[in-house]
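> Sequence isn't available, so here's the structure alone:
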C-alpha cells in the first residue's frame, strides 16, 4: 500500500472581498473597518489603564507622611504644613 501526502497549502476561499498579493489576502472594507474600530478601542482602554495607574500612584504618594514626601521631592499640601507648624 502506498500513502501519498501532499504538503502544498490548501487555497481557502473567503467570504470577505479582497485580492491576493504575494500569498496574503488583503482585507476587505468590512474587515478593515472592524479592525480600525477594535484598534481604536484597544488604544482607548490602554490609555484608561495608564491614567488609572497614574491616579493610583498619586493617591499613594499623597498618603505618605509629610516628611517622606518632602524627602522624595513630592510637593506637600498646605494643610500638612499648618499641622506641623
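Everything's here; your move. Please read these numbers as outputs of a predicted model, since none were measured by experiment.
> Would you verify that residue 45 is located in a helix?
Yes: when the secondary structure is assigned by DSSP: H, G, I helix; E, B strand; the rest coil, residue 45 falls within a helix.
> Quick check: pLDDT value at it.
Listed pLDDT for residue 45 reads 96.
> Tell me, how many residues neighbour it?
The burial metric for residue 45, expressed as a neighbour count using other Cβ atoms under 10 Å, is 10. Heads up, the C-betas are built off the backbone N, CA and C, glycines and all.
> can you tell me the helix or strand for residue 48?
When elements are defined using DSSP states H and E, residue 48 is found to belong to helix 29-62.
> what's the following helix or strand after that helix?
Next in sequence after helix 29-62, counting helices and strands by DSSP H and E, comes helix 66-72.
> buried sites along that following helix?
Neighbour-count burial for helix 66-72 flags residue 69 (criterion: 16 or more other Cβ atoms under 10 Å).
> For the helix holding residue 48, which helices and strands make contact with it?
If contacts are counted by 3 or more Cβ pairs under 8 Å, 6 or more residues apart in numbering; DSSP states H and E, helix 29-62 sits against helix 66-72.
> What helices and strands are in contact with the helix it packs on?
Packing contacts for helix 66-72, counted by 3+ Cβ pairs under 8 Å, 6+ apart, involve helix 29-62, helix 78-84.
> ok, of these, where does mean pLDDT dip lowest?
helix 78-84 (a mean of 52).
> Tell me which of the helices and strands packed on helix 66-72 lies nearest to residue 72.
When the helices and strands packed on helix 66-72 are compared by Cβ to Cβ, helix 29-62 sits nearest residue 72, at 7.9 Å.
> before we move on, back to that, just send the helices and strands packed on helix 66-72 back as CSV, with distance to residue 5 too.
Compiled in CSV, the helices and strands packed on helix 66-72 are given as follows (distance: least, Cβ to Cβ, whole Å):
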stretch, distance to residue 5
helix 29-62, 33
helix 78-84, 76
